[in-house]
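Trainee: The following comprises the amino acid sequence and a computationally predicted model.
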Amino acid sequence: MIALFLRDLKLSVRAGGGALIGVLFFLTVVAVIPFGVGPDLNLLARIGPAIVWIGALLAALLGLDRLFQADRDDGSLDLLLMQETPLVLTVFMKCLAHWVATSLPLVIASPLLGLFMNMDEVAIGAVMLTLLVGTPAITFIGAAGAAVAVTLPRGGLLVSILVLPLAIPVLIFGVSASYAAVADPAPFLPPFLFLIAITLFFAVIGPLAAALALRTATD
């Protein structure tokens, strides 16, 4: 499993620019917003957590279609399906590697973009913490969508369409927790716990659904 994790981590970084493309897209989405809403610093500070979360969500969707595509192209997907290790565990490790390579850099870059949106220290910390907890859920959801589209020649758009509606609760509770931390530290905990619960739920359901979809797609 460790060897699989390291292998997928290298593939995720190399494929299509990996983390660099995601961070650049993240930066582009957030940087465009001030030009649209104007130079009002108070307005930017109010909408900052939502904008950073939306940018991170869209950036996280970029590489989901490549989660199983490289394995299918080089034939290693068939070997993964035939090995003795449960396929669910294999998918889980691939999701972790993909998250470390593509979503963790977004979490690390979020404080810089928070400063760009005139957010204070509390808001930046809350956004970074909620992204750290919430972005794994997007990867686990995306694993199921990537498994469904793995046999399609151009499944990238389909993966985004499948994943985005299911990722809306993650966005809602992530933004709610970020705003709650700014308004009053006490209300921060309920939406944050809901966000953790969603991530844990999809950490179980996502790999199961992806394993089932991969078995069905290769039959």
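Mentor: Received the coordinates, thanks. For clarity, every value in this text was computed on a predicted model and none was experimentally measured. Residues are numbered from 1 along each chain as shown.
Trainee: So which bits of the longest helix that the chain contains are buried?
Mentor: When the chain is parsed with DSSP state H, its longest helix is helix 189-218. When burial is assessed from 16 or more other CB atoms under 10 Å, helix 189-218 yields the following buried residues: 191-192, 194-196, 198-199, 202-203, 206-214, 217. C-beta here means a position set from N, CA and C on the backbone, and glycine is covered the same way.
Trainee: what's the answer for stretch 162-175, then?
Mentor: Neighbour-count burial for stretch 162-175 [16+ other CB under 10 Å]: 162, 163, 164, 166, 167, 169, 170, 171, 173, 174, 175.
Trainee: so who does the nearest residue in space to residue 123 that is not next to it in sequence touch?
Mentor: Of all residues not flanking residue 123 in the chain, residue 182 sits nearest, at 4.9 Å (CB to CB, 6 or more residues apart in numbering). By CB atoms under 8 Å, 6 or more residues apart in numbering, the contact set of residue 182 is 49, 120, 122, 123, 126.
Trainee: Could you identify the most distant pair in the buried residues of stretch 162-175?
Mentor: 162 and 175 (21.8 Å; CB to CB).
Trainee: picking up where we left off before, could the contacts of residue 182 be laid out in CSV, adding distance to residue 98, pLDDT and neighbour count?
Mentor: Shown next, in CSV, are those (distance: CB to CB, whole Å; pLDDT from 0 to 100; neighbours: other CB atoms under 10 Å):
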residue, distance to residue 98, pLDDT, neighbour count
49, 25, 90, 27
120, 32, 87, 13
122, 30, 89, 14
123, 28, 89, 21
126, 25, 92, 25
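Trainee: What is the longest helix of the chain packed up against?
Mentor: Helix 189-218 is packed against helix 76-82, helix 87-98, helix 121-148, helix 156-183, with contacts defined by 3 or more CB pairs under 8 Å, 6 or more residues apart in numbering; DSSP states H and E.
Trainee: And it, how far out from the chain middle?
Mentor: 12 Å (CA atoms, centre = their mean, to the nearest Å).
Trainee: quick one, that helix and helix 87-98 angle?
Mentor: For helix 189-218 against helix 87-98, the angle by axes from the mean of the first three to the mean of the last three CA atoms, to 10 degrees is 120 degrees.
Trainee: low-scoring pLDDT stretches of this protein, where are they?
Mentor: By pLDDT under 70, the low-scoring segments of the chain are 1, 4, 8, 11-19, 73-76, 78, 151-156, 184-186, 217-219.
Trainee: change it to 90
Mentor: Applying pLDDT under 90 to the chain flags residues 1-48, 58-91, 93-105, 109, 112-120, 122-123, 142-165, 180-190, 210-219.
Trainee: The strand or helix carrying residue 24 packs against which elements?
Mentor: Assigned by DSSP states H and E, residue 24 belongs to helix 19-37. For helix 19-37, the packing partners by 3+ CB pairs under 8 Å, 6+ apart come out as helix 41-61, helix 104-116.
Trainee: How far off centre is the longest one?
Mentor: Mean C-alpha position of helix 41-61 versus that of the full chain (CA atoms, centre = their mean) differs by 15 Å.
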